[in-house]
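[1] sequence plus predicted model, see below.
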Amino acid sequence: MKSEKFQINLFPFVEQIPGMTFKQLEAFYWAATCANFAIAAERLHLSVSSLSKRIAELEESLGVTLFDRSGHRAVMTEAGQGLLPRALDLLDAAAGIRNTFAPGAGLVGRCAFGVGELSALTWLPRFIAQARAQYPKLVLEPYVDVGAVLEAKVDNGELDFAIIAGRSSRQTMLSQPITQAQFVWTATPAAVAQYGSVPGMIRARQPIIALPPGAGTTRLIDDWLLAHGIAAAERISCNNWGAIAGMLIASVGVGILPEAWAHKLVGEDLVCILSDEHVLRPLTYSFQWRRGDSRPLVDQMLARARSAVDFSADARLPLLV
């Protein structure tokens with residue numbers, strides 16, 4: 001039934017436009033949804049001139065202008081905006097046919113994706129090893145940064161997907177929850193003996209040592225502060241988990257760590273795990289990709305991520321290696 005719908009609703013549209021090809025529609029889709037033509041060309045493994053040529057050929061076939069190129073950057077015209085959803089329908093249908101008749105076809109080309117540092121230090125090496133074994137012709141390029149940066153890079157087309165904390169609030173993005181990570185408050189035994197509790201430390205102007213504001217763990221800390229009625233707290237922001245753990249061990253302040261890491265440090269008498277009436281909620285991590293990206297790459301990487309992502313796996317702090 002699905003293939004009949006494709007044949008009835010989509011093929012006539014293509015047949016009415018002599019010379020139009022799926023490659024041209026694909027070039028148009030990426031140019032329309034990426035931040036610029038250079039990123040779109042990179043996603044398709046084309047030169048910018050080749051991408052522009054395909055779009056120009058499509059414009060000639062349709063007899064309309066899809067991009068206004070009079071300014072510093074190409075801007076989609078009203079005709080382009082009207083074509084985009086129909087082009088997406090066609091590309092989705094083509095992807096469905098490929099998945100139906102060649103479900104075992106190996107992935108090829110380049111896959112650029114984003115993860116946070118916690119992912120890079122736990123499950124990412126195993127994920128890459130498994131993906132390379134299954135898809136030997138696929139070039140994997142992981143990019144590590146905080147969630148807000150990675151989400152923006154996926155949205156503008158620089159990355160194929162990202163596995164980061166939370167769900168995307170952007171209408172141009174889709175999110176699929178895949179796992180959770182638990183964090184706990186930690187401080188040195190000496191700090192606990194002096195101040196007694198996390199609220200006591202913070203009210204005594206002990207700084208919270210944490211990742212930058214764009215990280216998912218920032219939301220956990222903000223929610224916790226709100227629950228305790230703490231309006232302001234001194235913070236030391238750092239974009240490296242190893243450095244955060246090092247500052248906590250050095251009794252610079254108080255902060256949260258992944259539960260598995262915290263237990264390792266507790267076992268060496270370096271920090272204590274502090275209990276609190278307002279327990280930190282688990283942080284959900286999701287697979288995020290651009291709405292309309294129906295390539296087999298996305299589906300297969302999502303399936304692999306579901307089986308590989310585990311924040312307790314081989315949890316080793318850099319300073320302990």
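    Looks like it arrived, so ask away.

[2] which ones are touching Val146?
    Residues in contact with Val146 (Cβ atoms under 8 Å, 6 or more residues apart in numbering) are Gly116, Leu211, Pro212, Gly214, Ala215, Asn239. For the C-beta atoms, the positions are set from N, CA and C on the backbone; glycine is no exception.

[3] again, 10 Å this time
    Residues near Val146 by Cβ atoms under 10 Å, 6 or more residues apart in numbering: 114, 116-117, 164-165, 211-218, 239.

[4] ditto for Ser52
    Counted by Cβ under 10 Å, 6+ apart, Ser52 has contacts Ala27, Ala31, Phe37, Ala40, Ala41, Leu46, Phe67, Arg69, Ala74.

[5] would you list the buried entries among the residues you listed?
    Buried members of these, scored by 16 or more other Cβ atoms under 10 Å, are Ala27, Ala31, Phe37, Ala40, Ala41, Leu46, Phe67, Ala74.

[6] let me see the confidence value for the last one.
    Translated: Ala74. Looking at Ala74, its pLDDT reads 87.

[7] who's the closest residue to it other than its chain neighbours bridged to?
    The shortest distance from Ala74 to any non-neighbouring residue, by Cβ to Cβ, 6 or more residues apart in numbering, is to Phe67 (4.1 Å). According to DSSP bridges, the partner residues bridging Phe67 are Met76.

[8] so who does Phe67 touch?
    Phe67 neighbours (Cβ under 10 Å, 6+ apart): 28, 31-32, 37, 52, 55-56, 59, 73-77, 79-80.

[9] now do the strands in the stretch 151-300 of the chain.
    Counting by DSSP state E, counting those that start in this stretch, the stretch 151-300 of the chain has strands at residues 161-165, 173-181, 183-187, 208-210, 235-237, 255-258, 272-274, 283-290.

[10] to Met301, which of these lies closest?
    strand 161-165 (6.2 Å; Cβ to Cβ).

[11] strand partners (parallel or antiparallel) of the closest one?
    Sheet pairing of strand 161-165 (DSSP bridges) gives strand 109-115 (parallel), strand 283-290 (antiparallel).

[12] least confident of these, on average?
    Across the strands paired with strand 161-165, strand 109-115 gives the lowest mean pLDDT, at a mean of 91.

[13] no further queries at this time; thank you.
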